[in-house]
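Visitor: predicted model follows, preceded by the sequence.
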Amino acid sequence: MNPIKVGLIGFGRMGGFYLEQMQKSGKWDVAYICDLSPESREYARKLAPRAKVIADEQLIFDDPEVQVVGLFALADSRKAQVEKAFACGKHVIAEKPISDTVENEWQAVELAEGTKLFSTVNLYLRNSWYHKAIKDFIDQGEIGELAIVRVCHMTPGLAPGEGHEFEGPSFHDCGMHYVDIARWYAESEFKTWNAQAIRMWDYKDPWWLQCHGTFENGVVFDITQGHVYGQLAEKQTHNSYVDIIGTKGIARMTHDFKTAIVELHGVTQTHRIMQPYGGKNIDVLCERFAQSIESGVRSEALPTFRDAATASEYAWRFLQDSLQHDLPAIGNLETLQQIRERRRTMSNGYGLLRKFS
């Protein structure tokens, strides 16, 4: 089949990831790249000389040959773009969250569920090989009944004030991925929760949060997330894992952003699997979306707008719950400024991956 014509709106860090994977795939024709920043547009022209690089997104919506719109700018722009895309007969790939408020997110869900056009959102953990391997092991009955889902993701990561204000504090901007994957494992909806957070470096919003609670089916969860893990350490590290506990066995995963290690301890099988981590798994998302368009049947493995809105809403609920409890502030804004300055000068590792991050 002919390559699928797509227009990308927003060419920061994530927009660059999508361009790279779409160019590798052979199934996509990146017809447009739109960004308000002249610097970003200049960079886009170097990477995609055949694409029309523009500042006016309306040109993408008005082009009848564009089949898919990729929404990779900040969250405050997405609901209006989703509405225009569907009105113009275009499928949608969006970054999360799908809008800047819970109300707008659920309006975007209504738009998506009221059309035959396809849509998906980058809840990238669902596209990872390691979570699929663990889920398959659970489905085989190897750990008995699922009882406890534990998720932890602590890195140096995004510092407060680095431009993601519309995506919310760390636990919403990043943590909603872990809220989503816990729900994905439990195959149930959240029932109860209790959250504790801390305002690191005296910043106005919590930047570390731990929440535990239950799902409606009785599965217990705990989620820990924060971009607070040794920001100024000489050699930076992180702590990221999932720990799935059943009535008979367990499954767990750790990664170092390069290699993921899955350990499966079941009643009849024991496995230790090491494979490349896979990053944001944009290649998997784009491949599944392309196959859906080519076949006319939406892949059930694609995350939905409803999945994204649910994860976002509960991330906000957990944050709000943390504000009802003691919320200590430790550290000072001078340290935060040192962190920001270090991240600006880092060229690899946990620093900014490129200048438009």
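Guide: Okay, I see it. Numbers count the residues shown, from 1 in each chain.
Visitor: buried residues in the longest strand belonging to the chain?
Guide: For the chain, the longest strand by residue count, based on DSSP state E, is strand 190-200. If you call a residue buried by 16 or more other CB atoms under 10 Å, then strand 190-200 has these buried ones: 190, 193, 195-200. Glycine gets a C-beta too; all of them are placed from N, C-alpha and C.
Visitor: and the helix or strand harbouring residue 149, how far out from the chain middle?
Guide: With the criterion set as DSSP states H and E, the secondary-structure element containing residue 149 is strand 146-154. If you compare the mean C-alpha spot of strand 146-154 with that of the full chain, they lie 17 Å apart, counting by CA atoms, centre = their mean, to the nearest Å.
Visitor: got it, and stretch 206-217?
Guide: Centre-to-centre, stretch 206-217 and its host chain are 18 Å apart (CA atoms, centre = their mean).
Visitor: which outside residues touch the helix or strand hosting residue 283?
Guide: Using DSSP H and E, the element containing residue 283 is helix 282-295. Contacts to helix 282-295, defined as CB atoms under 8 Å, 6 or more residues apart in numbering, come from residues 1, 4, 17-18, 20-22, 24-25, 27-28, 67-68, 91, 93, 118, 120, 122, 124, 127, 278, 298-299, 301-302.
Visitor: ok, and what's touching the strand holding residue 149?
Guide: With contact meaning CB under 8 Å, 6+ apart, strand 146-154 is reached by 138, 174-175, 177-178, 181-182, 185-186, 208, 219-229, 238-247.
Visitor: model confidence over the next helix or strand after it, on average?
Guide: Read in the C-terminal direction, the helix or strand following strand 146-154 is helix 170-173, with elements assigned using DSSP H and E. Model confidence over helix 170-173, given as mean pLDDT, is 94.
Visitor: packing partners of helix 170-173?
Guide: With contacts defined as 3 or more CB pairs under 8 Å, 6 or more residues apart in numbering; DSSP states H and E, helix 170-173 has these neighbours: strand 208-215, strand 220-226, helix 305-322.
Visitor: just the CA trace of that helix, in CSV.
Guide: Only the C-alpha atoms of helix 170-173 are listed here, as CSV (Å, rounded to 0.1, in the frame of the first residue of the first chain):
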residue,chain,number,x,y,z
SER,A,170,5.8,15.2,38.0
PHE,A,171,3.3,12.6,39.2
HIS,A,172,0.8,13.7,36.5
ASP,A,173,3.2,14.5,33.6
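Visitor: reformat the buried residues of strand 190-200 as a markdown table; add pLDDT.
Guide: Conversion of the buried residues of strand 190-200 to a markdown table gives the following (pLDDT from 0 to 100):
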| residue | pLDDT |
| --- | --- |
| 190 | 98 |
| 193 | 98 |
| 195 | 98 |
| 196 | 98 |
| 197 | 98 |
| 198 | 98 |
| 199 | 97 |
| 200 | 97 |
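Visitor: nearest to residue 273 among the residues you listed?
Guide: Checking the buried residues of strand 190-200 against residue 273 with CB to CB, the nearest one is residue 190 at 29.7 Å.
Visitor: which strand residues bridge the closest one?
Guide: Partner residues in beta bridges with residue 190, using DSSP bridges, are residue 215.
Visitor: doesn't residue 211 make contact with it?
Guide: No. Residue 190 is beyond contact range of residue 211, at 9.6 Å (criterion: CB atoms under 8 Å).
Visitor: if we can go back for a sec, just the buried residues from the contacts of strand 146-154, in ChimeraX please.
Guide: Selection of the buried residues among the contacts of strand 146-154 in ChimeraX, burial being defined by 16+ other CB under 10 Å:
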select :138,174,175,177,178,181,182,185,186,208,219,220,221,222,223,224,225,226,227,228,229,238,240,242,243,244,245,246
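Visitor: what about the nearest residue to residue 270 once chain neighbours are set aside, distance to residue 130?
Guide: Distance criterion CB to CB, 6 or more residues apart in numbering; nearest residue to residue 270, sequence neighbours excluded, is residue 264 at 6.6 Å. Taking CB to CB, to the nearest Å as the measure, residue 264 and residue 130 are separated by 11 Å.
Visitor: swap in residue 64?
Guide: Counting by CB to CB, the gap from residue 64 to residue 130 is 41 Å.
Visitor: these two: which has the busier surroundings?
Guide: Here residue 64 and residue 130 are compared on neighbour count by other CB atoms under 10 Å; more neighbours surround residue 130, at 21 against 10.
Visitor: can you read off the pLDDT for the closest residue to residue 174 other than its chain neighbours?
Guide: Closest residue to residue 174 in three dimensions, ignoring its sequence neighbours and counting by CB to CB, 6+ apart: residue 225, at 6.3 Å. The score at residue 225 is 98. That number is its pLDDT.
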